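In: Need a 3D model of the following:
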Amino acid sequence: MISQVINKIINNDIGYSFVKSKIAVISTIVFLTILICSAFAEFVAPYNPFDPVNISLLDAFTPPVWIDGGSTNFVLGTDQQGRDMLSTMIYGSRISLIVAFASILFAMLLGTFLGVTSGFFGGRYEIIVMRFTDVQLTIPSILMALLVDGIARGFISKSLHNDMAIYVLIFAIGISEWPQFARVTRAATLVEKNKEYILASRIIGLSNFLIMFKHILPNILRPILVIATIGLALAIITESTLSFLGVGVPPTTPSLGTLIRFGNDFLFSGEWWITFFPAIFLVVLALSINLLGDWMRDTLNPKLKTR
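Out: Next up, the predicted model:
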């Protein structure tokens, strides 16, 4: 049974391309490893950095195990609070991935809806949506996220903002990424809506909603998935940047950005590992997703030749 499933995957054009691409296979293994470790951090991480029982200030600034003064209990060393760096990075990657996945899902839903509807209906509605998209594309994602976070801080109290920081961050990143989805889905919808199967759907009296989301949308999913994959890496970097600047998740909720931010204070005092390892972890995570997205972009190209 399992061998039959594997053979079907390999005999498929996409599966065959994936198996033959070493970069795609390695990047997928790396990404899935990080994803699984972060999802099951309680069972994978050596310590729980949120549990005071596992934290001792006497262990603060312990170097990695291969440096003089290192301990086998802390393979990658500890930070200024005595927390194990490996455990903290595993738990921190969970926050970064949750924010990234949620923000890209929000951006994908919003951008796809606006793109499909504007491309299908056209007229003034299309002009308004596309001009608004063009304006937002001129604003850098980081600046847009900072603007949204600043507005949120002005309308809600500081204590409430700390409780809602993750939700504000998800909205801020998502609202800055939706134009990419809107432009691509609009262009694809303009092509699809003039095809014969759409004209036949109109003739038999199907509603516009069914035509858009039951017939057009499934046929334009490939570019959406490619943008979502590449956008996921950008969302992780954006979250880390905002957290590094102090406008992301609160310090009590460690993400990769906050870990780099805290370690930056000790970078020139000799405790380089507090910043170095989270930064390398972030680069590896983002790079694996980017490489996977590049493979998807090349493989899901409509002009892909069959072997």
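In: Count residues in the vicinity of the closest residue to Glu192 other than its chain neighbours, would you?
Out: Residue nearest to Glu192 in three dimensions, not counting chain neighbours: Ile216, with 4.9 Å by Cβ to Cβ, 6 or more residues apart in numbering. All C-beta spots, glycine's among them, are computed from the backbone N, C-alpha and C. For Ile216, the count of nearby residues is 23 (other Cβ atoms under 10 Å).
In: Got phi/psi on Ile216?
Out: Ile216 adopts backbone torsions of phi -80, psi -50, taken as degrees, to the nearest 10.
In: OK, contacts around it?
Out: 116, 120, 189, 192-193, 198 (Cβ atoms under 8 Å, 6 or more residues apart in numbering).
In: Highest neighbour count among the residues you listed?
Out: The most neighbours of any of the contacts of Ile216, using other Cβ under 10 Å, belong to Thr189, which has 26 neighbours.
In: where does this protein dip in pLDDT?
Out: 1-13, 161, 301-307 (pLDDT under 70).
In: roughly how far apart are Ala107 and Ile142?
Out: Distance, Ala107 to Ile142, by Cβ to Cβ, to the nearest Å: 15 Å.
In: give the contact list for Ser201.
Out: Ser201 makes contact with 210-211, 215, according to Cβ under 8 Å, 6+ apart.
In: out of Ala107 and Ile142, which sits in the busier spot?
Out: Neighbour count, other Cβ under 10 Å: between Ala107 and Ile142, Ala107 has more, with 26 against 17.
In: before we move on, back to that, so which of the contacts of Ser201 belong to helices?
Out: Leu210 (DSSP state H).
In: Export the contacts of Ser201 as TSV, with columns for distance to Leu32 and neighbour count.
Out: Shown next, in TSV, are the contacts of Ser201 (distance: Cβ to Cβ, whole Å; neighbours: other Cβ atoms under 10 Å):
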residue	distance to Leu32	neighbour count
Leu210	36	12
Ile211	37	18
His215	33	17
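In: Grab the longest helix from this structure for me.
Out: In the chain, taking DSSP H as the definition, the longest helix is helix 85-121.
In: relative to helix 85-121, how tilted is whatever helix or strand comes next after that helix?
Out: Scanning forward in sequence from helix 85-121 by DSSP states H and E, the next helix or strand is helix 123-137. Note on geometry: by axes from the mean of the first three to the mean of the last three Cα atoms, to 10 degrees, helix 123-137 and helix 85-121 are set 150 degrees apart in direction.
In: What are the buried residues along the next helix or strand after helix 123-137?
Out: Next helix or strand after helix 123-137 toward the C-terminus (DSSP H and E): helix 141-155. Neighbour-count burial for helix 141-155, counted by 16 or more other Cβ atoms under 10 Å, picks out 141-142, 144-146, 148-149, 152.
In: Closest to Leu267 out of the residues you listed?
Out: Nearest to Leu267 out of the buried residues of helix 141-155 is Ile142 (Cβ to Cβ; 22.0 Å).
In: Need the nearest residue in space to that closest one, chain neighbours excluded.
Out: The shortest distance from Ile142 to any non-neighbouring residue, by Cβ to Cβ, 6+ apart, is to Thr241 (5.9 Å).
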